[in-house]
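Enquirer: Let's see this in three dimensions:
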Amino acid sequence: MSGCHIGIDVSKTRLDVAVHETGEEFSVRNAEATFPALVERLRVLAAKLPAALVNPRQSHHFAKAGGYLAKTDVIDARVLAHFASAVGAKLAEPRTPSQLLLKELVSRRTALVEMLTAERNRRAAARTKPTRALIADHIEWLKRQLQDVDGELRRLMASEDTWRELESLLGSVPGVGKVAIGSLLAWLPELGTLNRREIAALVGVAPFNHDSGRARGVRRIGGKQEKVTCGGSTTHKHIYYTRQFRANARTNLHVWPPLKNPIIHIGKQSVPRCNRAEISFVVTIVLDHRR
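Expert: Numbers count the residues shown, from 1 in each chain. Below is the predicted model:
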């Protein structure tokens with residue numbers, strides 16, 4: 001069928017599928033054994049099976065605008081198919097096995113760091129010696145796990161020519177270490193293909209206008225990726241800090257003159273500006289190198 005739009009709502013145990021043009025709806029188990037049959041069934045409708053990942057916020061607003069008041073998995077699949085037909089979505093590039101492994105290793109490392117922080121806090125609050133000893137044993141195990149993950153990340157990033165090139169390039173930026181580089185490669189595979197404004201909007205640190213008539217509202221950011229930026233109470237603060245921005249600003253004035261006046265006042269509004277400057281700085285270095 002030409003111009004067929006299919007929506008798939010993914011839950012832990014089930015995939016709900018809806019075809020906008022025909023109204024066909026069905027469900028299959030979310031298990032690897034059912035995927036081949038599902039792919040063959042979908043190929044009857046769309047030969048090349050191009051896929052797009054839709055931002056849930058966009059589909060949610062579309063559902064409200066379209067009068068979808070109820071919410072079930074089947075309705076969500078129906079909304080996704082309708083959204084694809086009416087609005088369209090950017091096709092997703094399939095990740096390579098190495099990219100998938102990198103993303104999972106970075107996620108695992110983040111979880112280990114969070115658990116280490118929580119256990120250290122528990123040890124500090126524990127009142128009895130046996131409890132502190134048990135927590136200390138767990139902390140040592142978590143440290144060994146963290147070392148193993150770091151080793152896997154180093155080997156993986158050294159196995160790809162593109163990653164080795166980016167690691168060498170980004171490693172020259174003061175304040176950007178191997179953890180930040182791995183996180184950027186895992187969560188921003190578009191790095192090097194988009195300009196600094198597009199990357200800032202993707203990460204969620206680009207300010208958007210809120211104007212109407214003569215009124216000029218405060219520009220606000222939206223769609224923030226907590227895994228890349230820092231701010232508020234996010235648990236991923238170890239990726240980018242304001243102090244890194246200051247260090248880069250003072251060390252690389254010959255590379256990027258706009259950073260001559262770093263933001264000194266640190267507050268809610270300053271953090272996204274620092275994040276945006278840091279991301280823009282990194283993107284500028286990568287693009288300049290590739291030119």
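Enquirer: neighbours around F26, how many?
Expert: 13 (other Cβ atoms under 10 Å). In this view, the C-beta of every residue, glycine as well, is placed from N, C-alpha and C.
Enquirer: doesn't it fall inside a helix?
Expert: No. Counting by DSSP: H, G, I helix; E, B strand; the rest coil, F26 is not found in a helix; it is strand.
Enquirer: Surely it is in contact with R14?
Expert: No. Taking Cβ atoms under 8 Å as the definition, F26 is not a contact partner of R14, at 10.7 Å.
Enquirer: what's the distance between V113 and I135?
Expert: For V113, the distance to I135 equals 16 Å [Cβ to Cβ, to the nearest Å].
Enquirer: To which secondary structure element type does V17 belong?
Expert: strand.
Enquirer: State the distance from it to L42.
Expert: For V17, the distance to L42 equals 8 Å [Cβ to Cβ].
Enquirer: shared neighbours, the two?
Expert: Residues touching both V17 and L42 (Cβ atoms under 8 Å, 6 or more residues apart in numbering) are I6.
Enquirer: Which pLDDT value belongs to F35?
Expert: At F35, the model reports a pLDDT of 91.
Enquirer: same question, E198
Expert: Residue-level pLDDT assigned to E198 equals 74.
Enquirer: Tally up the residues packed near it, please.
Expert: Neighbours around E198, by other Cβ under 10 Å: 13.
Enquirer: Find the nearest non-adjacent residue to it, please.
Expert: E190 (7.8 Å; Cβ to Cβ, 6 or more residues apart in numbering).
Enquirer: wait, what's in contact with the one you found?
Expert: E198, I199, L202.
Enquirer: what's the answer for V39, then?
Expert: Contacts of V39 (Cβ under 8 Å, 6+ apart): L49.
Enquirer: and F83, that's in a helix?
Expert: Yes. Under three-state DSSP, F83 sits within a helix.
Enquirer: That one contacts H60, correct?
Expert: No. Using Cβ under 8 Å as the test, F83 is too far from H60 to be in contact (10.0 Å).
Enquirer: Of the two, which one has the most company?
Expert: Between F83 and H60, counting by other Cβ under 10 Å, F83 is the more crowded of the two (22 against 15).
Enquirer: got a list of what that one touches?
Expert: Counted by Cβ under 8 Å, 6+ apart, F83 has contacts G7, V54, Q58, S59, F62, A89.
Enquirer: With A52 instead?
Expert: By Cβ under 8 Å, 6+ apart, the contact list for A52 reads A84, A89, K90, L91, A92.
Enquirer: how about JSON lines for those residues, with pLDDT added?
Expert: Below are the contacts of A52 laid out as JSON lines (pLDDT from 0 to 100):
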{"residue": "A84", "pLDDT": "88"}
{"residue": "A89", "pLDDT": "74"}
{"residue": "K90", "pLDDT": "75"}
{"residue": "L91", "pLDDT": "76"}
{"residue": "A92", "pLDDT": "72"}
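Enquirer: any low-confidence regions in the stretch 51-200 of the chain?
Expert: The stretch 51-200 of the chain contains residues with pLDDT under 70 at 175.
Enquirer: measure the nearest residue to L53 once chain neighbours are set aside to E190 for me?
Expert: Nearest non-adjacent residue to L53, counting by Cβ to Cβ, 6+ apart: A92, 4.8 Å away. A92 sits at a distance of 11 Å from E190 (criterion: Cβ to Cβ).
Enquirer: again, but for K90
Expert: Counting by Cβ to Cβ - K90 and E190 are separated by 11 Å.
Enquirer: Nearest the middle, which residue of this protein would you pick?
Expert: W187 (4.4 Å; Cα atoms, centre = their mean).
Enquirer: Test my guess that that residue contacts E104.
Expert: No. Counting by Cβ under 8 Å, W187 does not reach E104; the two are 12.0 Å apart.
Enquirer: Please identify every residue contacting each of the two.
Expert: Going by Cβ under 8 Å, 6+ apart, no residue sits against W187 while also sitting against E104.
Enquirer: So which residues of this protein form helices?
Expert: 35-45, 56-65, 73-86, 97-125, 129-158, 161-170, 178-187, 196-203, 242-251, 270-290 (DSSP state H).
Enquirer: Now K90. Nearest residue, chain neighbours left out?
Expert: A52 (6.0 Å).
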